[in-house]
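*Asks:* Next come a sequence and a model predicted from it.
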Amino acid sequence: AQKVTQAQTEISVVEKEDVTLDCVYETRDTTYYLFWYKQPPSGELVFLIRRNSFDEQNEISGRYSWNFQKSTSSFNFTITASQVVDSAVYFCALSGNTPLVFGKGTRLSVIA
Amino acid sequence: EPEVTQTPSHQVTQMGQEVILRCVPISNHLYFYWYRQILGQKVEFLVSFYNNEISEKSEIFDDQFSVERPDGSNFTLKIRSTKLEDSAMYFCASKLRERETQYFGPGTRLLVL
């Protein structure tokens, strides 16, 4: 069965601090995809990134970076120099031969 | 940029009433989904739809639920007789091909009284 674990329920940081959101997954599929979605207070789900299981290259997009390590089944998300607008719930999700399975989310609060 | 739209944004209904949640997926997408999120909890898969039929459904998607693609653009979720525990945010999603990213609509917040 597919499973996504986000052990951090809530994180609070002061603006400009760096923060890493952890995601650990379980799957028996040999090919799978990992995702991060952002859910701001308004409630919508905003797609951030998709990663294929065969591509372990880390990715950077502006202040966001992702570290995918198959050896530890982790797909962690780092926000550099956090801003108040980053405050949201962040979901990690997994898809193999099944629909998306979401983690429980990490609520990030960035304090000015 | 194309996006998934959902109507209504909010719906309040009485227990036992039928509700229909509507979605317009991205126009050239072929795979459609409904998910729900009970307040403060994770997003859960309900059903997937492809080629005019249900391709997969979860345990949550019981006989009270149905989906339909009545025309070339809309994708609906019907709850026949709502229960208090159906109160949640319902998200529609679509994607172009099998191993592509799902894009989510803004959600419909359903409150059953």
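*Replies:* Noted; the coordinates are in hand. Residues are numbered from 1 along each chain as shown, chains lettered A, B, ... in the order given.

*Asks:* Would you mind listing what in chain A touches chain B?
*Replies:* When proximity is defined as CB under 8 Å from any CB of the partner chain, chain A approaches chain B at A:31, A:33, A:35, A:37, A:42-47, A:50, A:91, A:93, A:95, A:98-105. In this view, the C-beta of every residue, glycine as well, is placed from N, C-alpha and C.

*Asks:* Provide a list of residue ranges in chain B with pLDDT below threshold.
*Replies:* For chain B, no stretch is flagged by pLDDT under 70.

*Asks:* In it, what residue spans correspond to strands?
*Replies:* B:5-7, B:10-13, B:19-24, B:31-37, B:44-50, B:53-57, B:65-68, B:75-79, B:88-95, B:103-104, B:108-112 (DSSP state E).

*Asks:* Run through the residues of chain B sitting next to chain A.
*Replies:* Applying CB under 8 Å from any CB, we find that chain B lies next to chain A at B:33, B:35, B:41-45, B:48, B:56, B:89, B:91, B:93, B:99, B:101-107, B:109.

*Asks:* related to what we said a few turns ago, same list (the strands of chain B) but as JSON lines, adding mean neighbour count.
*Replies:* Formatted as JSON lines, these follow (neighbours: other CB atoms under 10 Å in any protein chain shown):
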{"stretch": "strand B:5-7", "mean neighbour count": "16"}
{"stretch": "strand B:10-13", "mean neighbour count": "14"}
{"stretch": "strand B:19-24", "mean neighbour count": "19"}
{"stretch": "strand B:31-37", "mean neighbour count": "24"}
{"stretch": "strand B:44-50", "mean neighbour count": "20"}
{"stretch": "strand B:53-57", "mean neighbour count": "13"}
{"stretch": "strand B:65-68", "mean neighbour count": "17"}
{"stretch": "strand B:75-79", "mean neighbour count": "19"}
{"stretch": "strand B:88-95", "mean neighbour count": "24"}
{"stretch": "strand B:103-104", "mean neighbour count": "22"}
{"stretch": "strand B:108-112", "mean neighbour count": "19"}
